[in-house]
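Asks: structure for the following, please:
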Amino acid sequence: MSKDFQFPEFYSFPPFFTIQPNLTTQEKQRGLWRELILSYHTSQKIKTLVAHDCPLWKNKEIGRELSRDDVKAVMNDFVKSGHGEWEDNTKTRCRILWRKPEQLSSDIYAWAEANGYINSVCTVYELHSGEDVNGMSFEGADEELLRRALAILEDQGKCTMFKGETSSEDGIKFF
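Replies: Here you go, the predicted model:
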């Protein structure tokens, strides 16, 4: 199903694929689904989840899969948690927020401080795909999410953004 992803033990537990009626158990179960969706998509660098076509909903090894209604419930909970955003009104495509914009803004600023970018300029492309960002939480992140994180830093007076010839050439100066 995926390269180099280690599925958690609970993924092989058949009841995991049926939303449980007990509210306490159900909340724990939804938390596990949120964790699984986020860790899978982050590790695979997948930015969008197509609700009707996500490989996580089905575990062929144990012959179990989430029902359509349970997929909707899991996805609505995932979006409500702040880790996803619907890209369309039909709720079929969900942007995965590997990290929330507030978390990313902190990560980006810590990276800028650690790598000598304070009072220096870099491009959005460098933040997204540069050599200096290997292994960082924002490496390969959705460009819109990166820009939202940068807007938070701009509002805090920690950076300013300016236009380049293309969107990936837009610059950021950190303070």
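Asks: use CA for all of it now, contacts and neighbours both
Replies: Will do.
Asks: which residues touch the lowest-mean-pLDDT helix or strand in the chain?
Replies: Within the chain, confidence by mean pLDDT, DSSP states H and E is lowest for helix 124-129 among all helices and strands, at a mean of 90. Residues outside helix 124-129 that contact it (Cα atoms under 8 Å, 6 or more residues apart in numbering): 132-133, 138-141, 143, 146, 167-172.
Asks: what does stretch 159-175 give?
Replies: 109, 112, 117-125, 150, 153-154, 157-158.
Asks: buried subset of these?
Replies: Buried subset of the contacts of stretch 159-175 (neighbour count, 16 or more other Cα atoms under 10 Å): Y109, A112, Y117, I118, C122, T123, V124, Y125, L150, L153, E154, K158.
Asks: what sits against the fifth one?
Replies: Applying Cα under 8 Å, 6+ apart to C122 gives the contacts G171, I172, K173.
Asks: so which of those wins on neighbours?
Replies: I172 (22 neighbours; other Cα atoms under 10 Å).
Asks: skipping adjacent residues, who's closest to that one in space?
Replies: Residue nearest to I172 in three dimensions, not counting chain neighbours: M161, with 4.5 Å by Cα to Cα, 6 or more residues apart in numbering.
Asks: tell me the secondary structure of that neighbour, please.
Replies: Per DSSP: H, G, I helix; E, B strand; the rest coil, the secondary structure class of M161 is strand.
Asks: going forward, count from 515.
Replies: Sure, I'll start numbering at 515, so the last one becomes M675.
Asks: look up how far Y525 lies from it.
Replies: Relative to Y525, M675 is positioned 43 Å away (Cα to Cα, to the nearest Å).
Asks: how about L546?
Replies: Distance, L546 to Y525, using Cα to Cα: 9 Å.
Asks: look at the two and report which has more neighbours.
Replies: Remark: of L546 and Y525, Y525 carries more neighbours, 19 against 16, as counted by other Cα under 10 Å.
Asks: next one, pLDDT for the closest residue to that one other than its chain neighbours please.
Replies: Leaving aside its sequence neighbours, Y525 sits nearest to N573 (Cα to Cα, 6+ apart; 7.6 Å). pLDDT recorded at N573 is 97.
Asks: my read is that N573 contacts S526, right?
Replies: Yes: judged on Cα atoms under 8 Å, N573 makes contact with S526 at a distance of 7.5 Å.
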